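Enquirer: Got a sequence here, can you build the structure:
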Amino acid sequence: NKVADAIPDYKKAAKYYKQFVDRFPNNANSFDMTFFLGDIYLLSLKNEGDGDENLQLAAQYYQKVIDLYQNKNLPKGVKEKDAAVFVKDAAFGVVQAYNELVKKNSPESILVLMAERTGTFKTDEKLKLGEGDANNQPVERDDKMLDFEEGFVRASDQWATLYPKDDVTPTIDYVAAEVYKSHDWFAEAVPRYESIITNAPKHEYASFAGASLLECNYRLKNWTEVEKWARVLLKNKNYAVITKDALQGNVVFAINEQARELQEAGNVNDGAKQLLRLVEEFPKNEKASGALFNAASLYNGDEQVKKAIEVFERVVKEYPGSEEAPKALYVMGQTFNVRADFERAASYWERLGTKDYRDYENSDEAVFDAGVLYRQLGKFDKSIEVSESFIDIYGKTDDKENAELARKLRLELAYIEIDRKEQGK
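Expert: Just a heads-up that it's a prediction; the model follows:
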């Protein structure tokens, strides 16, 4: 085996390079030799002994090359332009050395699992975001990373800082971010995903970074950031992992959560504005009718009745087939009833007896009460009309309570008719 036969020579070379570097650190050749020491330990001696020591030596010598360059402490005679070539290879070498150390010592690391699963660093998991899923569970950060993972992410960050526009940087950023995310260190993962999307929006990993970035912000409950980056991905038309509809759904969900947090903080107006913003931008989204109803409810709870009624009316007009439409009619009736505007209360409640809304859970109660209110107001024609409607709709059901009410109401109609005639005299 030619490689095995060469091992003694590599060991001798490493020994002599080290002696030279230690004795003549300011000699121009020591800079090159420092780099070569890194290469020898990483590429030729990594499997000698337990391997860990040589890989750590590789990272150490590569890092020394970088530090000499960054600290402007190059040996006399070494041109900065020439040194820069070694520095780039050294920075990548540090990443490779820690990658090997993680693989040898922490096989359960996400870094290893990703490589085994796909042959690359790309995850094959599809992102699922939404209410009630794992992305909304409390964040429980691991106390520390696995062996050598910290060195790997530190080396990765160094590379990304030195070479933010390099073709390989998005891959390195992505792997480092996934390592952080695997330990629930979401805040640390976020800027690395952002870097990929910002600096390399067309890269093959940008879509995966976008998905993971949204997931991290979900877990951190950073709803403004979820909205922001979902919009960025929409603008970039990056739909490889998350579809356009799903990204829009993320925007909607994030706006809704922002409204909820504002409401919980007692900021009713801004909470309602967020919900109305959602409806204006996504009127056909499945959450739109609920958002409009909730905005109206916020105004109503804050005694801003005029605004509340305007928005409730929009629910009925713009989303007549939604489950919120009959709720809006019922609440508007309640709102005017408690304010002693009985005629308006009855006008909303009676509409719950129409074909579209009679299946609403409180429709029977509302229609019955509307008939009562009209009688109290002396509007006997309307009272008879609404009462007969109640009898026709709810008197023929299996609901015993409503059947009994209908029976009593039939008897009561005779007295209402008498009241009507008396009124006409």
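Enquirer: the helices in the stretch 251-400 of the chain, which residues?
Expert: Here the stretch 251-400 of the chain has its helices, by DSSP state H, counting those that start in this stretch, at 268-281, 288-301, 305-318, 324-338, 342-350, 363-376, 380-394, 400-424.
Enquirer: following the strand or helix carrying residue 8, which helix or strand comes up?
Expert: For residue 8, the host element (DSSP states H and E) is helix 2-23. Per DSSP H and E, the first helix or strand lying C-terminal to helix 2-23 is helix 28-39.
Enquirer: Residue 83 touches residue 69, doesn't it?
Expert: Yes. Contact criterion C-beta atoms under 8 Å: residue 83 and residue 69 qualify, at 5.3 Å. Just so you know, the C-beta spots here come from the backbone N, C-alpha and C atoms, and that holds for glycine as well.
Enquirer: Give the buried residues for the lowest-mean-pLDDT helix or strand in the chain.
Expert: The least trusted helix or strand in the chain, going by mean pLDDT, DSSP states H and E, turns out to be helix 110-118, with a mean of 78. Counting neighbours by 16 or more other C-beta atoms under 10 Å, one finds that the buried residues in helix 110-118 are 110-112, 114-115.
Enquirer: And stretch 5-23, by the same measure?
Expert: So for stretch 5-23, counting by 16+ other C-beta under 10 Å, buried means 10, 13-14, 17-18, 20-21.
Enquirer: now swap in stretch 58-70 and tell me
Expert: By 16+ other C-beta under 10 Å, the buried positions in stretch 58-70 come out as 58-59, 61-66, 68-69.
Enquirer: Helices - which of the residues you listed land there?
Expert: Mapping the buried residues of stretch 58-70 onto helices (DSSP state H) picks out 58-59, 61-66, 68-69.
Enquirer: Relative to residue 147, which of those residues is nearest.
Expert: Among those, residue 59 lies closest to residue 147 (C-beta to C-beta), at 13.7 Å.
Enquirer: What pLDDT does the model give the closest residue to that closest one other than its chain neighbours?
Expert: Once flanking residues are discounted, residue 59 sits nearest to residue 97: 4.0 Å by C-beta to C-beta, 6 or more residues apart in numbering. The confidence metric pLDDT takes the value 96 at residue 97.
Enquirer: So residue 97: helix, strand or coil?
Expert: Assigned by DSSP: H, G, I helix; E, B strand; the rest coil, the conformation of residue 97 is helix.
Enquirer: Adding distance to residue 234, write the buried residues of helix 110-118 out as JSON lines.
Expert: Converted to JSON lines, the buried residues of helix 110-118 look like this (distance: C-beta to C-beta, whole Å):
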{"residue": "110", "distance to residue 234": "28"}
{"residue": "111", "distance to residue 234": "30"}
{"residue": "112", "distance to residue 234": "34"}
{"residue": "114", "distance to residue 234": "27"}
{"residue": "115", "distance to residue 234": "31"}
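Enquirer: hmm, which two among the residues you listed are most spread apart?
Expert: Farthest pair in these, by C-beta to C-beta: 110 and 115, 9.6 Å.
Enquirer: Lowest average pLDDT across the helices of the stretch 251-400 of the chain?
Expert: Sorting the helices of the stretch 251-400 of the chain by mean pLDDT places helix 400-424 lowest, at a mean of 81.
Enquirer: so how far is that one from its chain's centroid?
Expert: 57 Å (C-alpha atoms, centre = their mean, to the nearest Å).
Enquirer: okay, the angle between it and helix 380-394?
Expert: Here helix 400-424 runs at an angle of 160 degrees relative to helix 380-394 (axes from the mean of the first three to the mean of the last three C-alpha atoms, to 10 degrees).
Enquirer: List the buried residues for helix 400-424?
Expert: Buried-residue list, helix 400-424, by 16+ other C-beta under 10 Å: 402, 405-406, 409, 412-413, 416, 420.
Enquirer: re earlier: can you add distance to residue 158 and give the helices of the stretch 251-400 of the chain back as a markdown table?
Expert: Putting the helices of the stretch 251-400 of the chain into a markdown table (distance: least, C-beta to C-beta, whole Å) gives the following:
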| stretch | distance to residue 158 |
| --- | --- |
| helix 268-281 | 41 |
| helix 288-301 | 45 |
| helix 305-318 | 54 |
| helix 324-338 | 54 |
| helix 342-350 | 66 |
| helix 363-376 | 67 |
| helix 380-394 | 74 |
| helix 400-424 | 74 |
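Enquirer: Minimum distance to residue 195: which of those helices has it?
Expert: helix 268-281 (28.1 Å).
Enquirer: before we move on, could you check phi and psi at residue 319?
Expert: Backbone geometry at residue 319, expressed as degrees, to the nearest 10, gives phi -130, psi 60.
Enquirer: Surely it and residue 289 touch.
Expert: Yes. Between residue 319 and residue 289 there is a contact at 3.9 Å, judged by C-beta under 8 Å.
Enquirer: what residues are shared contacts of these two?
Expert: Listed as contacting both residue 319 and residue 289 by C-beta atoms under 8 Å, 6 or more residues apart in numbering are residue 325.
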